[in-house]
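>>> Quick one, what's the 3D model for this:
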Amino acid sequence: MSFALRQKKNFHFQTAPDEDDQVLRDLGFKPGQSRFHEGILCNKGDDIVPFKLAVY
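Residues are numbered from 1 along each chain as shown. Coordinates of the predicted model:
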């Protein structure tokens, strides 16, 4: 299944279940930069299966 969601800068996610949450706004993105994360878990405790996150 593929999907695309527009997220606010306060989007919380984990790259692994045992790691602390990260917040998009704290990653220091500049206009034109992009990053790709695989197998993330989203939004503090939501039971959504791991998915890929591309940020642009």
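>>> List the strands paired with the worst-scoring helix or strand of the chain on mean pLDDT, with their directions.
Every helix and strand of the chain was ranked by mean pLDDT, DSSP states H and E. The lowest is strand 51-55, at a mean of 71. For strand 51-55, the paired strands and their directions (DSSP bridges) are strand 35-42 (antiparallel).
>>> Quick check: buried residues in the strand it pairs with?
Going by neighbour count (16 or more other C-beta atoms under 10 Å), the buried part of strand 35-42 is 41-42. The way it works is simple: take the backbone N, C-alpha and C, and place the C-beta from them, glycine included.
>>> before we move on, what about stretch 17-36?
Buried-residue list, stretch 17-36, by 16+ other C-beta under 10 Å: residue 24.
>>> Tell me what the residue nearest the centre of the chain is bridged to.
With distances taken as C-alpha atoms, centre = their mean, the residue of the chain nearest its centroid is residue 13 (4.7 Å). Beta-bridge pairing of residue 13 under DSSP bridges involves residue 22, residue 42.
>>> Thought residue 39 was touching it, still the case?
No. Residue 13 is beyond contact range of residue 39, at 10.5 Å (criterion: C-beta atoms under 8 Å).
>>> Roughly how far does residue 17 sit from residue 9?
Separation of residue 17 from residue 9 (C-beta to C-beta, to the nearest Å) stands at 23 Å.
>>> go on, residue 21?
Residue 21 is 14 Å from residue 9, by C-beta to C-beta.
>>> How about the secondary structure of residue 19?
coil (DSSP: H, G, I helix; E, B strand; the rest coil).
>>> now it: how far from residue 33?
Residue 19 is 22 Å from residue 33, by C-beta to C-beta.
>>> what residues does the least confident helix or strand of the chain touch?
13, 24, 27, 29, 34-40, 42 (C-beta atoms under 8 Å, 6 or more residues apart in numbering).
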